[in-house]
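[1] build me a model from this:
(chains A and B)
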Amino acid sequence: MIVKESFDAPEWDRREIARYARADADDPRIAALIDECIGEAEAVLDYRVCYTVSDILREDGKLSFCGISSDSSVIAKAVNGCEKLVLFAATVGAPFDRLITKYSRLEPSKALILQAVGAERVESLCDAFCARMNTQLEPLGKSLRTRVSPGYGDIPLDMQLDVFRILDCERKIGLTLNESLLMSPSKSVTAVAGIGAARHISGAACADCDKKDCVYRQ
Amino acid sequence: MDLRDYLKQNILILDGGMGTLLQERGLLPGEQPEGWNLSHPEQITAIHQAYYDSGSNVVNTNTFGANRLHFSDEELEAIITAAVDNAKNARELSVGTQEKYIALDIGPTGRLLKPMGDLDFEDAVSVFAQVVKLGVKCGVDLIMIETMNDSYETKAALLAAKENCDLPIFVSNAYSENGKLMTGASPEAMVAMLEGMGADAIGVNCSFGPDKLAPIIREYLRCASVPLLLKPNAGLPKSVDGRTVYNTSAQDFASITGQLVREGVRIAGGCCGTTPAYIEALVKNIGDTKPVVIEKKDRTVVSSYTDAVVFGETPILIGERINPTGKKRLKEALRANDIDYLLNEGNAQQKAGAQILDVNVGLPELDEPAMLTKVVGELQAICDLPLQIDTSDPVAMESALRIYNGKAMINSVNGKQESMDAIFPLMKKYGGVAVALTLDENGIPDTAEGRVAVAQRIIETAAAYGIDKKDLIFDTLAMAVSADPQAANITLKALRRIRFELGAHTSLGVSNISFGLPKRDIVNAAFFTLALQNGLSAAIMNPFSAEMMKAYYSYCVLRGLDLNCESYIRFAQSVENDMTVVDRTESAVTESAADLQSAIVSGRKEQAARICASMLKETEPMKIVSEHIIPALDTVGKGYESGKVYLPGLLMSAESAKAAFEEIKKTLVTGSSENAKCSFVIATVKGDIHDIGKNIVKLLLENYGFDVHDLGKDVPPEAIVEETIRLHAPLVGLSALMTTTVPSMEETIRQLREKAPWAKVIVGGAVMTEEYAASIGADAYGRDAMDTVRYAERINALITA
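    Sure, this is the predicted structure:
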């Protein structure tokens, strides 16, 4: 079953926005610009998620879920020790993309900050979704593992085709996949997260990532 | 019975869900249900039959996702043929005695249209057209476009259906929790567009149960004058023991949906989670309820892709600034294909209070249909106001109306038979509200009675085309009062009679009245107030004119149209600020060159423009550029290169410099000057719709004096080559974000080498590296915007040397 949910605005993280924009959060001009962008973005942001929970089947070193067969070692590691996983798609909506497009033509500095706002928003939405899932899983003695997405590490980007087919993203949350396998609206995430025995959740951490030369690495 | 006739007298019952029933019969998650028409025809037939047996008048073929984006042409033909056969068989087998129809079901493509996505509008039309043609060939009775969550895609589907059949067309949208479509359109905006285009019935389906759809369909009931359709889900799904169960029972579903039918819904059925039991309960609940008579609402409405603007008591302001007549700077922008300038004008007018934007790009040397279509598309990507398409060329009018997302205003039609014969068919096809000028073959009548008579004839002719008076807005033509002292009186008298005797809405190009007089704003504002008092519904005017805006806000407050005087107070506060600004400018002699530099370096845009404007009174423009603006930019550029200034800071400075340049451009006759550098063609390559990086590079290149020709995004190689040849441009910059579009970058370079071998090509974008750039044959790799500026300066220096 595909479930769709909407969310209230997660708490804002201005430092994170500055980090995504590669700007100095302590510069008062930047801080003012971020505030201005948040003010305009708030009116159009719309937080939506659709998801399904699936058993994980393991055979001949491959694993499969929702009818998707995967030999990605990143997914294998992420769901290690889990019998089920959640497959989800999250978006902050098309009207926000229009805002970026608008300022991309009129004021590129704001477009740049809005890009960062979108990145921070959709990640915060994923965090909010995972937190909600964890609340439901807690009584069962379970919790979510770190989420991983198509295109990350050795997870092929064309897995998006399966993800969109299974989650019916267009109908559920208005999320589409274009010919180049990029998502529209652009500020969106698809991901899988293992459901395993309860443990302290560390969140998506740079320390776990193999890409050591990433400019955003903390 | 003919379906349209049946609908006039009866409530039409639709079918219920298909997907949930197929899953119960073994359809796997993610499996395409349309394939079951061929692999399990008996199952599909059985479901259709069960719906007919439970009382449905209409079943939808199992073709929701059947289109060429998901299936080959052969598969598609086989699927649709089988799907219609299955429905026909069910109709034969059913024991029900009611009227039975088969609807060709059309769902969304699953792709988002440009400008937000990558599917071209005309491609979407052609995807839907193919489905419609196949369905019609197979003998369906109506077209059911449903679960559409984007207004533009809805328009594409409706247009395709209208162009390829005469069958009744029903159009149903799926709304989100916030009561809007996923891409932002309100129910009122959708009603305006779909009714305008002539859908036979419109409505709402999917998303929620009937309780949560009730407010949305009630909004439709308030606005619409066509039969309304409602097809709710069986509530929300939850998983019980691994099975999907919906939380609204058949009884509850039937009683809420039945209630909405008694409130005026004419066509009802169910969507996800509903079964024949739900339809049976609904039929029972409705019983022999008499259909509610559909009231004609007589609302004059235009819409953008999100919002509707309604003509009523509060006058509507139509911004007139995007029109090259008498505007040197705009003409120059149009000739240079500088669309950004027009977008800025649009945005500024919206901020100043315009509710609709007039768009006129007519210049003798331009290809008007192409330019108008382009500008309308680009404006709609950044601005959510409805547009008034202003052209005397019917070809340009049609091409712009076709791609317009919403219900446009049309400027204009008049009493000449030729004009009405050109414009009314377009209105009938694409929808729209037309400004109707009260003139005819004999010119402009010089009496009010004459103009009213022309208006009457226009109303009669429109009616013959099936166009209602509510979609006409009469302009009684303001003429120069300096030439005829009775000019204003005649215009106002005609205006009053048309509004209050003929009961039609009115509009004026207000400023014509003062032609030939000094300080025209003063007369314009007084005439505006008089016209408002005489029944003016809308004015085509300059929203930057303080006098006009003062008249407007005062009128609204005095006529009790401005609740708590809120709009007036907000406006009054801005007037005060403006006056302060003016005062400061007057005394700004002390704001010096050093201040301009610091305003640019610290990214204070308004201040930079203001200081520059005041410096221009005493300093040579080029001196300001070379001695103040360029040094400031260099300071910031160097700071960026050494890592002291971040990209947002660099951009804020660049935008401030641009604001200063705009002031300078106002004083120069043409863009050419001793400081100008060579031309630079820039584009995001074909297949790629990401343009922020390209826009940043463009901004900086302009700052440094390059003659930048921006071709936009998703640009085919041929267009880039053509522009490079046309300008004999020494520099071409190409941008690509995705690995998948690098091949089209490579192809562009190949064609440039062949046809414009003189051009140096610099490439950039997220996927680019030095090596990658070299491997596809580029001359240089631009690491970032400043890097590209430096390269361009080196090439420019070589040329000048």
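[2] low-confidence ranges in chain B?
    By pLDDT under 70, the low-scoring segments of chain B are B:576-593, B:668-675.
[3] can I see the domain layout of it?
    B:3-286, B:300-544, B:592-667, B:679-800 (automatic domain parsing).
[4] could the ones you listed be laid out in JSON lines, adding distance to residue B:565 and mean neighbour count?
    From N, CA and C alone the C-beta is placed, and that goes for glycine too. Below are the domains of chain B laid out as JSON lines (distance: least, C-beta to C-beta, whole Å; neighbours: other C-beta atoms under 10 Å in any protein chain shown):
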{"stretch": "domain B:3-286", "distance to residue B:565": "26", "mean neighbour count": "21"}
{"stretch": "domain B:300-544", "distance to residue B:565": "14", "mean neighbour count": "20"}
{"stretch": "domain B:592-667", "distance to residue B:565": "28", "mean neighbour count": "20"}
{"stretch": "domain B:679-800", "distance to residue B:565": "41", "mean neighbour count": "20"}
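[5] could you dump those to CSV with distance to residue A:185?
    Below are the domains of chain B laid out as CSV (distance: least, C-beta to C-beta, whole Å):
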stretch, distance to residue A:185
domain B:3-286, 7
domain B:300-544, 14
domain B:592-667, 23
domain B:679-800, 12
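[6] which parts of chain A are helices?
    A:14-20, A:28-42, A:73-78, A:94-106, A:108-137, A:159-167, A:169-173 (DSSP state H).
[7] which regions of chain A sit below the pLDDT cut-off?
    A:200-205.
[8] nearest the geometric middle of it, what residue?
    residue A:189 (3.5 Å; C-alpha atoms, centre = their mean).
[9] any idea how far the residue in chain A that chain B sits nearest to is from residue B:117?
    Residue of chain A nearest chain B, by C-beta to the nearest C-beta: residue A:174 (2.9 Å). Distance of residue A:174 to residue B:117, given as C-beta to C-beta, to the nearest Å: 11 Å.
[10] how about residue B:424?
    33 Å.
[11] which residues of the stretch 151-300 of chain B fall in strands?
    B:169-173, B:201-205, B:228-231, B:237-240, B:243-246, B:267-268, B:300-303 (DSSP state E, counting those that start in this stretch).
[12] out of the helices of chain A, the one nearest residue B:447 is which?
    helix A:94-106 (47.3 Å; C-beta to C-beta).
[13] centre of the chain to the closest one, how far?
    20 Å (C-alpha atoms, centre = their mean, to the nearest Å).
[14] kindly report the same for stretch B:315-331.
    Worked out by C-alpha atoms, centre = their mean, stretch B:315-331 lies 19 Å from the chain centre.
[15] now do the phi/psi pair for the residue of chain B found nearest chain A.
    Residue nearest to chain A within chain B: residue B:182 (2.9 Å; C-beta to the nearest C-beta). For residue B:182, the backbone dihedrals (degrees, to the nearest 10) come out as phi -60, psi -30.
[16] hang on, it packs against residue A:94?
    Yes - with contact defined as C-beta atoms under 8 Å, residue B:182 reaches residue A:94; the gap is 6.0 Å.
[17] overlap of the contact sets of those two?
    Shared contacts of residue B:182 and residue A:94, defined by C-beta atoms under 8 Å, 6 or more residues apart in numbering or on different chains, are found at A:174, B:150.
[18] would you mind giving the helices of chain A as a markdown table with mean neighbour count and distance to residue B:797 added?
    Supplementary listing: the helices of chain A in a markdown table, determined by neighbours: other C-beta atoms under 10 Å in any protein chain shown; distance: least, C-beta to C-beta, whole Å:
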| stretch | mean neighbour count | distance to residue B:797 |
| --- | --- | --- |
| helix A:14-20 | 18 | 37 |
| helix A:28-42 | 17 | 33 |
| helix A:73-78 | 18 | 49 |
| helix A:94-106 | 22 | 30 |
| helix A:108-137 | 22 | 26 |
| helix A:159-167 | 20 | 47 |
| helix A:169-173 | 24 | 52 |
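[19] which of the ones you listed sits closest to residue A:207?
    helix A:73-78 (14.1 Å).
[20] counting contacts, what elements does the closest one pack onto?
    strand A:188-197 (3 or more C-beta pairs under 8 Å, 6 or more residues apart in numbering or on different chains; DSSP states H and E).
[21] near chain A, which residues of the stretch 701-801 of chain B? Just list them.
    B:738, B:740-741 (C-beta under 8 Å from any C-beta of the partner chain).
[22] now do the contacts for residue A:25.
    Applying C-beta under 8 Å, 6+ apart, the residues near residue A:25 are A:14-15, A:17-19, A:31, A:34.
[23] nearest to residue B:64 among the residues you listed?
    residue A:17 (39.8 Å).
[24] was I right to think that closest one contacts residue A:118?
    No - in this structure, residue A:17 is not within contact of residue A:118 by C-beta under 8 Å, at 9.5 Å.
[25] so which of the contacts of residue A:25 reach chain B?
    Of these, not one also sits near chain B (C-beta under 8 Å from any C-beta).
[26] re the thing from before, okay if I get the strands of the stretch 151-300 of chain B as CSV plus distance to residue B:377?
    Shown next, in CSV, are those (distance: least, C-beta to C-beta, whole Å):
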stretch, distance to residue B:377
strand B:169-173, 22
strand B:201-205, 25
strand B:228-231, 30
strand B:237-240, 38
strand B:243-246, 41
strand B:267-268, 34
strand B:300-303, 16
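[27] how about the ones you listed, which one is nearest residue B:318?
    So among these, strand B:300-303 is nearest, using C-beta to C-beta, at 9.9 Å.
[28] good, wrapping up.
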